[in-house]
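>>> could you work out the structure for the sequence below:
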Amino acid sequence: ILYTAVVAAIASAPQVSAAKIELSEAFNYNAFIFNSYEGERSDVEGTLAVGGNLTVEDFDVGLLLPTDLSSSALYVGGDLSYTRGHVHAGQTTVSGMVTAKNVMFDGALNSGNTTTVTYGSIENGGIFSEGDVTLEKAGINNGDIQSEQSVTIREAGVNGSITYGTTLTVDNAGYTGSAVQSPSNTVNVDNLDFNSIAAEVTEQSQEFASMDVNGTTTLSCTDASDPNARVSCNDSNINTLDTIVFSGNDDVNIYSITSDWFSADNKSIVYDFSTTSYNIINVYGESVELFNTGFFNTAFTQENEYFRENGQYRDNDNNVGQRHDGRYTNNILFNFVDAVDLTLHSVGVKGSVLAPYAELSFYNGHVDGNVIANSLVTPLVELINDQGGTYNAPTGQVNNYRFGAIDVSEPASIAILFGAGCLMLTRRRKTS
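Got it, this is the predicted structure:
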């Protein structure tokens, strides 16, 4: 028997009247990380933008993007160190140095500094670099090399021309076009204005936190010693939290919960609102950990292609692995208002994650939505496989869903706008 406690609001959350909102440009990216990102054996299915250094291995970007070789699938504001992987469907734009080994780039590789590609290939578009370019045991299948400095191709092939600023070295390699020295050759790498976008979405996180709470957060607890006994949900029995239900009837529903309740393990999170409403869940606390949590939706009591018969998202079942179509995820945002340490593991988060101050420790799980955070790391954690062997936990996956990608009627008091026509002006800067 469960005892239910209803949490309507949190006293520390400021309350102001809701106002019209435009979603930050950061929500255009499947993952937008302000500073560094370290990952392995994983992927970001949509566009990835990293303001600092990106260090990854056995990693894919843009798996589910439509092919558009005129834009980038990967943006890096610092240095890129990439070992084994694939950038799908678009270009790669890096302000700093590029070191790539055994990587396939579907589109052009744009670099603001030294560029070294070993093994792997650039399928279309070539290499454009403000620094030296070295192509070794690799190929450009369709495209040119343009460098302001030196170009070295060693045991490599270029199906195109080469323009270089200082010297050209060709060692057991070839190119199909011309080779021209041009000391005045200029390469402009046009990257994102990471600082402005980060400031914008950080401000928006605080705006979300300031909205009036109109959704209902229901906590259900059990007695660890007697499951049939009723107990109140309070700080003394937080470890017996069974279920959190977020319920709302408006077009935009705002919820509040503290990190201690949200971080309890072995619990369920239940969504009880329409698929055409926006739902922003403000989580308060500097340290948050979400794990061993199942996600459910009250709209379903019978099994279908997306849900199990008890309303649980079917991709929480490793034996099924069915992906939902986003209708039940693109309207949910977890806003970690003041978290500086956020850990997500052993969980498939149904909704987007906004944590502008947090170092996100993310492994052995996935997020169905945007991931926006200050930095992202993959801790060294050993897991045990079905055969009893140990292996290091992989970085969590970011699946290609997006907060705001739904149809919703505009309420009287608030409107959240989305789409290219409604977003704030896209910012770009030249990186030199």
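
>>> what is the end-to-end distance of stretch 114-121?
End-to-end span of stretch 114-121 (Cα to Cα, to the nearest Å): 17 Å.

>>> one more: stretch 277-291?
From its first residue to its last, stretch 277-291 covers 26 Å (Cα to Cα).

>>> how about the strands in the stretch 151-300 of the chain?
Taking DSSP state E, counting those that start in this stretch as the criterion, the stretch 151-300 of the chain carries its strands at 151-154, 157-158, 162-164, 168-171, 174-175, 179-181, 189-192, 216-221, 241-247, 252-258, 267-272, 278-284, 287-290, 293-297.

>>> which one of those strands lies nearest to Gly51?
For the strands of the stretch 151-300 of the chain, proximity to Gly51 was assessed by Cβ to Cβ; strand 189-192 is nearest, at 8.0 Å. All C-beta atoms are positioned from the backbone trio N, CA, C, and that covers glycine.

>>> and the closest one, which strands flank it?
Using DSSP bridges, the strands paired with strand 189-192 are strand 428-431 (antiparallel).

>>> on that earlier part again, let me have the strands of the stretch 151-300 of the chain in CSV, adding distance to Asn35 as columns.
Shown next, in CSV, are these (distance: least, Cβ to Cβ, whole Å):
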stretch, distance to Asn35
strand 151-154, 32
strand 157-158, 35
strand 162-164, 33
strand 168-171, 36
strand 174-175, 38
strand 179-181, 38
strand 189-192, 14
strand 216-221, 32
strand 241-247, 30
strand 252-258, 27
strand 267-272, 29
strand 278-284, 21
strand 287-290, 19
strand 293-297, 27
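
>>> quick one, which of those strands is nearest to Ser232?
The nearest among those, by Cβ to Cβ, is strand 216-221 at 7.1 Å.

>>> name the helices or strands packed onto that closest one?
In terms of contacts (3 or more Cβ pairs under 8 Å, 6 or more residues apart in numbering; DSSP states H and E), strand 216-221 is packed against strand 3-7, strand 241-247, strand 252-258.

>>> dump the top strand by length along the chain to PDB, keeping only the CA atoms.
The single longest strand within the chain, with elements called by DSSP state E, is strand 352-363. Provided in PDB are the C-alpha atoms of strand 352-363 (Å, rounded to 0.1, in the frame of the first residue of the first chain):
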ATOM      1  CA  SER A 352      15.800  16.600 -22.800                       C
ATOM      2  CA  VAL A 353      18.500  17.700 -20.200                       C
ATOM      3  CA  LEU A 354      19.500  21.300 -19.500                       C
ATOM      4  CA  ALA A 355      22.300  21.700 -17.000                       C
ATOM      5  CA  PRO A 356      24.200  24.900 -17.800                       C
ATOM      6  CA  TYR A 357      26.400  24.800 -14.700                       C
ATOM      7  CA  ALA A 358      27.100  21.100 -14.400                       C
ATOM      8  CA  GLU A 359      29.900  18.700 -15.200                       C
ATOM      9  CA  LEU A 360      27.800  15.900 -16.600                       C
ATOM     10  CA  SER A 361      29.100  12.400 -15.800                       C
ATOM     11  CA  PHE A 362      27.300  10.300 -18.400                       C
ATOM     12  CA  TYR A 363      27.800   6.600 -18.900                       C
END
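
>>> got the angle for it vs strand 278-284?
Angle of strand 352-363 versus strand 278-284, following axes from the mean of the first three to the mean of the last three Cα atoms, to 10 degrees, is 50 degrees.

>>> tell me the gap between strand 352-363 and the middle of its chain.
Here strand 352-363 shows a centroid-to-chain-centroid distance of 9 Å under the convention Cα atoms, centre = their mean, to the nearest Å.

>>> need the contact list for the closest residue to His366 other than its chain neighbours.
Among residues not flanking His366 along the chain, Gln397 sits closest, at 4.0 Å (Cβ to Cβ, 6 or more residues apart in numbering). Shown in contact with Gln397 (Cβ atoms under 8 Å, 6 or more residues apart in numbering): Ser42, Asp43, Val44, Glu45, Gly365, His366, Val367.

>>> also Ile281?
Neighbours of Ile281 in contact, by Cβ under 8 Å, 6+ apart: Phe246, Tyr255, Ser256, Ile257, Ile332, Leu333, Phe334, Asn335, Gly351.

>>> again with Ala138
Shown in contact with Ala138 (Cβ under 8 Å, 6+ apart): Val117, Thr118, Tyr119, Gly120, Ser121, Ile122, Ala156.

>>> could you check how far the helix or strand where the first one lies is from the centre of its chain?
The secondary structure element spanning Val117 is strand 115-118 (assigned by DSSP states H and E). A distance of 26 Å separates the centroid of the chain from that of strand 115-118, by Cα atoms, centre = their mean.
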